[in-house]
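Engineer: following is a predicted model, sequence given first.
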Amino acid sequence: MEKTRTIEPVDQYILNLPEDIQNITKALRRMILDASPNLVEEYKWSMPNYTYNGLVCYLQASKKHVNLGFHRGIELQEHDTDQLLRGSGKGMRHIRIKKLDDIQPEVFTGLVKVAMELNEK
């Protein structure tokens, strides 16, 4: 992960998390940034957000889990063959990750790429 693609406010956000949640957040951050060189890391609404032609995804940490959220998650559901996306709002959906082993790099990266494609239309 190139240091120039990460920003200080997100570094600080991660440092303030419990160690196990830090590890999950760092792994998800790396996976998101590795998904495409076009993704831009931003810090909005007190959490890391990743943009490309608009909002793509975000990381929202709590004491016991991290949500990998998608701003256009409802549109992603048809691509979610593993039925990992959760939520009941009008648009956003998330995947709840409670431990490092819950991370599915290929599946999650695929969803990030599809979310980026949605922003190209």
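Structural biologist: Looks like it arrived, so ask away.
Engineer: quick one: contacts of stretch 92-102?
Structural biologist: The contact list for stretch 92-102, computed with Cβ atoms under 8 Å, 6 or more residues apart in numbering, reads 20, 23-24, 27-28, 60, 64-74, 76-77, 84-87, 103, 108, 111. For glycine as for every other residue, the C-beta is placed from the backbone atoms N, C-alpha and C.
Engineer: buried ones among those residues?
Structural biologist: 24, 27-28, 60, 65-74, 76, 84-85, 87, 103, 108, 111 (16 or more other Cβ atoms under 10 Å).
Engineer: low-confidence stretches in this structure?
Structural biologist: 1-3 (pLDDT under 70).
Engineer: those helices in it, which residues are they?
Structural biologist: 8-15, 19-35, 73-76, 105-118 (DSSP state H).
Engineer: now render the ones you listed as a markdown table, adding distance to Glu41.
Structural biologist: Converted to a markdown table, those look like this (distance: least, Cβ to Cβ, whole Å):
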| stretch | distance to Glu41 |
| --- | --- |
| helix 8-15 | 6 |
| helix 19-35 | 7 |
| helix 73-76 | 19 |
| helix 105-118 | 13 |
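Engineer: nearest to Leu55, out of those helices?
Structural biologist: Closest approach to Leu55 among the helices of the chain is made by helix 105-118 (8.9 Å; Cβ to Cβ).
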